[in-house]
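Peer 1: Structure for this input, please:
(one chain, ligands or ions: 3)
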Amino acid sequence: MKGIKTLGQFIIEKQADFSYAKGELSRLLRDIGIASKIVNREVNKAGLADILGDAGSTNIQGEGQKKLDVFANEQFISALSSGGECCIVATEEEDDFVRIDSAVSHEAKYIVCIDPLDGSSNIDCNVAVGTIFSILRRKSVDGLATLADVLQKGTEQVAAGYVIYGSSTMLVYTTGKGVNGFTLDPSIGEFCLSHPDMKIPENGTIYSINEGNYVHFPEGIKKYIKYAQVEDTATKRPYTSRYIGSMVADIHRNLIKGGIYMYPTTAASPNGKLRLLYECNPMAFILEQAGGKATDGLNRIMEITPTELHQRSSIIIGSTKMVEKVEEFMREFSPVKSCN
Ligand code: AHG
Ligand code: MN
Ligand code: MN
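Peer 2: Ligands and ions are numbered 1, 2, ... in the order given. I've put the predicted structure just below:
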């Protein structure tokens, strides 16, 4: 065991850093870690078990649910219910937020917003998928927690993380004191610290965007894409285009190598496609903690006031210098209306 630090050991070691509720937040993170191992097991054998394909249902956002979307959703809700620290789960897969009854008597203080399976349209073809989570502390003091407790700005997050079910499975999280990454060692069934204090390069050469939507992008984004494709040796352009179609996988790669991920407004998604509470905010918190930046083109993602559970936002996220360049183009060519 020399030199190995498991996620469980690391969480306990670091809980001294939390300003409050030390044990509770640790237990919450531990519960999410356990559920993600169960999801990992199922994702890995998806081709063998009868869990590929559609569940035959749609979520409130009109998106077809995959069997694994539904399975992952159940696993996380179940883990968070039995843990007793979480009073509400807000998930992509449920129209309304889910109140955890077992937590009422326990005075559970935390709200978890979660995308149980991100990139699930990729699951049928063995491409990396993920889980994204954001942890908030309830603000109300009496009675049951309400929607207002869920609709908090990203700046209020106490922790956020993602799991990538890729060529190896990793859990990356922050509690506001840097970002640490853990790789699942399947032989012992533990997430082990493999990427301590992750930092995104200040600049990069990878841009990630669904360029098929080009015609519908704001002018500022179109101009940035053309800028990225122009030859200029001093700034290492033309950049490299990489787009997996799983936000977690695209952002994870860019976090390690340096790069920018963009999902701006399009005709199909006039407010952007990705959801503020359980996709944009947690990824923004992680990337900012790693030294990067996340905006909607003009405004910091974590300062957007949410008004709806499944609110969407455009997102421009990654290496600080690259995001700032996009902001320059947005201010010049799409200044009135932000990407939102
Ligand atoms: P989800 O599977 O949770 O609905 O999220 C899919 C998201 C995100 O992961 C990805 O980057 C994006 O949708 C891809 O969208 P396009 O296919 O429109 O590019
Ligand atoms: Mn998603
Ligand atoms: Mn999803």
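Peer 1: And the strands in the stretch 201-340 of the chain, which stretches?
Peer 2: Using DSSP state E, counting those that start in this stretch, the strands of the stretch 201-340 of the chain run over 206-208, 240-241, 260-263, 274-275, 293-295, 312-313, 315-318.
Peer 1: and the fifth one, what's its mean pLDDT?
Peer 2: This predicted structure assigns strand 293-295 an average pLDDT of 98.
Peer 1: Next: the fourth one.
Peer 2: Summarised as a single mean, pLDDT over strand 274-275 is 98.
Peer 1: how many other residues sit next to the residue in the stretch 201-340 of the chain that ligand 2 sits nearest to?
Peer 2: Nearest residue of the stretch 201-340 of the chain to ligand 2: Glu279, at 5.1 Å (C-beta to the ion). C-beta here means a position set from N, CA and C on the backbone, and glycine is covered the same way. Using other C-beta atoms under 10 Å, Glu279 has 27 other residues around it.
Peer 1: Touching, it and Ile132? I think so.
Peer 2: Yes: taking C-beta atoms under 8 Å as the definition, Glu279 is a contact partner of Ile132 at 5.7 Å.
Peer 1: Quick check: neighbours shared by the two?
Peer 2: Contact criterion C-beta atoms under 8 Å, 6 or more residues apart in numbering; residues shared by Glu279 and Ile132: Asp115, Asp118, Met247.
Peer 1: pretty sure Thr131 belongs to a helix, no?
Peer 2: No: applying DSSP: H, G, I helix; E, B strand; the rest coil, one finds Thr131 to be strand, outside a helix.
Peer 1: and the closest residue to it other than its chain neighbours, helix, strand or coil?
Peer 2: Nearest non-adjacent residue to Thr131, counting by C-beta to C-beta, 6 or more residues apart in numbering: Val163, 4.4 Å away. Secondary structure state of Val163, per three-state DSSP, is strand.
Peer 1: who are the neighbours in contact with Val163?
Peer 2: Taking C-beta under 8 Å, 6+ apart as the test, what Val163 contacts is Ser36, Val39, Asn40, Gly130, Thr131, Thr169, Met170, Leu171, Val172, Val248.
Peer 1: From those, which land in helices?
Peer 2: Among the contacts of Val163, the ones falling in helices (DSSP state H) are Ser36, Val39, Asn40, Val248.
Peer 1: Looking at neighbours, which among the residues you listed is most surrounded?
Peer 2: Of all the ones in helices among the contacts of Val163, the highest neighbour tally under other C-beta under 10 Å goes to Ser36, namely 30 neighbours.
Peer 1: From Leu298, how far off is it?
Peer 2: Per C-beta to C-beta, to the nearest Å, Ser36 is found 34 Å from Leu298.
Peer 1: same check, this time on Leu309
Peer 2: For Leu309, the distance to Leu298 - C-beta to C-beta - is 24 Å.
Peer 1: again with Gly161
Peer 2: In this structure, Gly161 and Leu298 are 27 Å apart, going by C-beta to C-beta.
Peer 1: May I have the phi/psi pair for Ala108?
Peer 2: Dihedral pair for Ala108: phi -60, psi 140, per degrees, to the nearest 10.
Peer 1: Chain neighbours aside, what residue packs nearest to it?
Peer 2: Spatially, and ignoring its direct neighbours in sequence, Ala108 is nearest to Cys87 (4.1 Å; C-beta to C-beta, 6+ apart).
Peer 1: Nice, that's everything, thank you.
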